[in-house]
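> Could you look at this predicted model? Sequence included:
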Amino acid sequence: MLVIGFPTGALQANCYLVATGEGEACVVVDPGQDAVEPLEKALREHRLSPVAVLLTHGHFDHSFSVAPVCDGHDIPAWIHPDDQEMLSDPLKGISAETAAFFGGKLEMREPKQVRSLDDGAELDLAGLRMTVDHTPGHTGGSVMFRAGTEEGGRLVLSGDTLFAGSIGRTDLPGGDHRSMLTSLRRKVLTLADDTVVLPGHGPTTTIGRERVSNPYLTQLGDSAPAAPHRGL
């Protein structure tokens, strides 16, 4: 499996390209701000052909370039329906402080093709099989994508549900701390320790490493500390 990742935009959200190998079809995950140019460069360099964009959630730092990427390649975007409205109204998902930082204006539009992600769905795209896990908490429509590799490994694209050493904040519109705790218990802690985590911000990690060192997993419960402001 080939995975290419790079940070995008002011908030350094990770964008990923995932394929079975060089010169193959691929999926694009979370094309955020200023993602188009580095994405197109990576496509050319690795001779990849995108067939879909997958969105872990609707926040603009993960979805800002979805329309130009999808419409430019005539491919669909996949997003959970609870977050779809943010593709055309990104201010619905951010804090007043973030909105002010960007001058109170963030113009986006939906791509021509938008498809819905459902919990437990199996996506067969670009020769890859990915399982969709609905993980509300950071947003109502947050999801993770799980996949296996031909080499026998496992990976999860966790969006802003899980980071190395942290979790996504839950104090934004659509966020809910109790829902986040439930998602972590049911969808994160149940994963195998050797699962590689490709998060929405920051470095790659593993489930095993986070299980023993991430304070939001080791102290899971209502008394867990509030999540720091990472991403939005």
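Cool, the structure landed.

> Just the buried positions in the least confident helix or strand in the chain by mean pLDDT, please.
Lowest by mean pLDDT, DSSP states H and E among the helices and strands of the chain is helix 96-101, with a mean of 78. Neighbour-count burial for helix 96-101, with 16 or more other CB atoms under 10 Å as criterion, is recorded at Thr98. Glycine gets a C-beta too; all of them are placed from N, C-alpha and C.

> ok, and what's touching stretch 86-102?
For stretch 86-102, the external contacting residues (CB atoms under 8 Å, 6 or more residues apart in numbering) are 10, 58-60, 63-64, 66-67, 77, 79, 83, 85, 104, 106, 108-111, 114, 139, 171-174, 232.

> Name only those of these that count as buried.
Going by neighbour count (16+ other CB under 10 Å), those have 58-60, 63-64, 66-67, 77, 79, 83, 85, 106, 108, 110-111, 114, 139, 172, 174, 232 buried.

> Just the ones in helices from these, please.
60, 63, 66-67 (DSSP state H).

> And these, which two are furthest apart?
Maximum pairwise distance in these, criterion CB to CB, is 11.6 Å, between Phe60 and Ala67.

> Touching both of these two, which residues are there?
Shared contacts of Phe60 and Ala67, defined by CB under 8 Å, 6+ apart, are found at Met108.

> Quick check: the nearest residue to Leu191 once chain neighbours are set aside vs Leu155, distance?
Spatial nearest neighbour of Leu191, chain neighbours left out: Ile207 (4.6 Å); criterion: CB to CB, 6 or more residues apart in numbering. Ile207 sits 10 Å away from Leu155, going by CB to CB, to the nearest Å.

> who touches both of these two?
Common neighbours of Ile207 and Leu155 (criterion: CB under 8 Å, 6+ apart): 195, 197.

> Three-state assignment for Arg185, please.
The three-state label given to Arg185 by DSSP: H, G, I helix; E, B strand; the rest coil is helix.

> Which pLDDT value belongs to the closest residue to it other than its chain neighbours?
Counting by CB to CB, 6+ apart, Arg185 lies nearest to Leu220, which is 6.5 Å off, once chain neighbours are set aside. You'll see Leu220 listed with a pLDDT of 81.

> and Leu220, what does it touch?
Contacts of Leu220 (CB under 8 Å, 6+ apart): 181, 184-185, 189.

> ranges for the helices of this protein?
Along the chain, the stretches classed as helices by DSSP H are 36-46, 60-63, 66-73, 96-101, 177-183, 207-213, 215-218.

> Comparing these, which stretch has the densest surroundings?
helix 60-63 (a mean of 28; mean count of other CB atoms under 10 Å).

> Centre of the chain to that one, how far?
Offset of helix 60-63 from its chain centre (CA atoms, centre = their mean, to the nearest Å): 9 Å.

> which residues sit against that helix?
8-11, 13, 30-33, 55-57, 79, 86-87, 90, 93-94, 106, 108, 159-160, 200, 231-232.
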